[in-house]
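Participant: Structural data only, the sequence is not supplied:
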């Protein structure tokens, strides 16, 4: 785990349930669920892991763009983000992200498109953030 000098951005705990792939998720005091779809052996009681990944990316995109527009006093009335994780073959995969911006002018829309490429979760996904894994016994 990280030491006290590191800056923790978020934490989450995930615990398996009795159903084959269902999990309870707690992050920031919020309870969520995760599961696999029925055709993958789950009970579809919550989003699949890639759905949760896309949700985090979409949420970060929408929130960051709203914050930026608010700071600029721009008339952004809403942000919709549609995301799809596409796997072409073993080595080719990408995320399609369509951002619909409501109430802004073309030049503002162009700047917000630039900002979308710099959101914290976009950067983490693109960088391939290192994962340091340890295990423990119960």
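Facilitator: Ah, there it is. All of these numbers come straight from a predicted model, not from anything done at the bench.
Participant: who's in contact with the residue most central in space within the chain?
Facilitator: Centroid-nearest residue in the chain, with Cα atoms, centre = their mean: residue 56, separated by 1.7 Å. Residues in contact with residue 56, defined by Cβ atoms under 8 Å, 6 or more residues apart in numbering, are residue 121. Using the backbone N, CA and C atoms, a C-beta is placed for each residue, glycine as well.
Participant: which SSE is it in?
Facilitator: Using DSSP states H and E, residue 56 sits within helix 49-72.
Participant: What residues sit buried inside that helix?
Facilitator: 52-54, 56-58, 60-62, 64-65, 68-69 (16 or more other Cβ atoms under 10 Å).
Participant: so where's this protein uncertain?
Facilitator: For the chain, the stretches flagged by pLDDT under 70 are 1-4.
Participant: ok, now with 90
Facilitator: 1-6, 18-19, 138 (pLDDT under 90).
Participant: Any figure for the gap between residue 24 and residue 43?
Facilitator: 13 Å (Cβ to Cβ, to the nearest Å).
Participant: I meant to write residue 93 there.
Facilitator: 26 Å.
Participant: More neighbours: which of the two?
Facilitator: Neighbours per residue (other Cβ atoms under 10 Å) separate residue 93 from residue 43, with residue 43 holding more: 14 against 10.
Participant: so what's the more buried one up against?
Facilitator: Listed by Cβ under 8 Å, 6+ apart, the contact set of residue 43 reads 19, 20, 21, 22, 35.
Participant: isn't the third one right next to residue 39, touching?
Facilitator: No: counting by Cβ atoms under 8 Å, residue 21 does not reach residue 39; the two are 12.0 Å apart.
Participant: Who has more neighbours out of these two?
Facilitator: Taking neighbours as other Cβ under 10 Å, residue 21 and residue 39 compare with residue 21 leading, 19 against 7.
Participant: So the more buried one belongs to a helix, correct?
Facilitator: No: counting by DSSP: H, G, I helix; E, B strand; the rest coil, one finds residue 21 to be coil, located in no helix.
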